[in-house]
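Asks: What shape does this take:
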Amino acid sequence: MELLRGPNRKTREGFRNYVMLLAFLDTGLRLSEALSLALDRVDLARGSLPVVGKGEKEREVYMGKTLRHTFATSFIRNGGDVFTLQRILGHSSIKTCTIYVHMSGKHVREAMPRFLSVDRMER
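Replies: A predicted model of the protein is given here:
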């Protein structure tokens, strides 16, 4: 989708905009609804968002696993650890988080020199 290629995901604002676009596509939220989300009421474990819409009507909107998966995969790829991710997502078992730790060949090639003990000793 061309729209998702617009934000520069290497910047904080660009990544935020990218995730917001995913949220709009995934949930059908209006901009005003997204801006008024009460983050302390968001239930990541269930994937539910309490939304106050037009006419002050409250409803619950559910986000798909695409959005949750994108967050978790990005968290891991940007250096986050699985144990912290487990707490963020509210999983009781670390095994559940392992589905997000699927790295492409490119990411493996980039990670190897950074974390191999022998290579680090030479520096």
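Asks: which residue is nearest the middle of this structure?
Replies: Taking C-alpha atoms, centre = their mean, the centroid of the chain lies closest to residue 71, which sits 1.1 Å from it.
Asks: And that one, which helix or strand is it part of?
Replies: helix 65-77 (DSSP states H and E).
Asks: Skip ahead from that helix and say which helix or strand is next.
Replies: Going down the chain from helix 65-77, the next helix or strand is helix 82-89, by DSSP H and E.
Asks: how far is that following helix from where the chain is centred?
Replies: Offset of helix 82-89 from its chain centre (C-alpha atoms, centre = their mean, to the nearest Å): 12 Å.
Asks: which residues touch that helix?
Replies: Outside of helix 82-89, the residues within contact range by C-beta atoms under 8 Å, 6 or more residues apart in numbering are 44-45, 68, 72, 75-76, 93-94, 96-98, 100-101. Every residue, glycine included, has its C-beta placed from N, CA and C.
Asks: Buried members of those residues into PyMOL, please.
Replies: This is how PyMOL selects the buried members of the contacts of helix 82-89, with burial counted by 16 or more other C-beta atoms under 10 Å:
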select buried, resi 68+72+75+76+97+100
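Asks: circling back: just confirm the residue nearest to the centre of the chain contacts residue 23, I think it does.
Replies: No. In this structure residue 71 lies outside contact range of residue 23 using C-beta atoms under 8 Å: 10.0 Å.
Asks: that older thread, give the contact list for the closest residue to the residue nearest to the centre of the chain other than its chain neighbours.
Replies: Of all residues not flanking residue 71 in the chain, residue 19 sits nearest, at 7.1 Å (C-beta to C-beta, 6 or more residues apart in numbering). Residue 19 makes contacts with 67, 70, 71, as judged by C-beta under 8 Å, 6+ apart.
Asks: And for residue 15?
Replies: 7, 9, 74.
Asks: Give me the distance between the first one and residue 15.
Replies: The reference is to residue 7. Distance, residue 7 to residue 15, by C-beta to C-beta, to the nearest Å: 7 Å.
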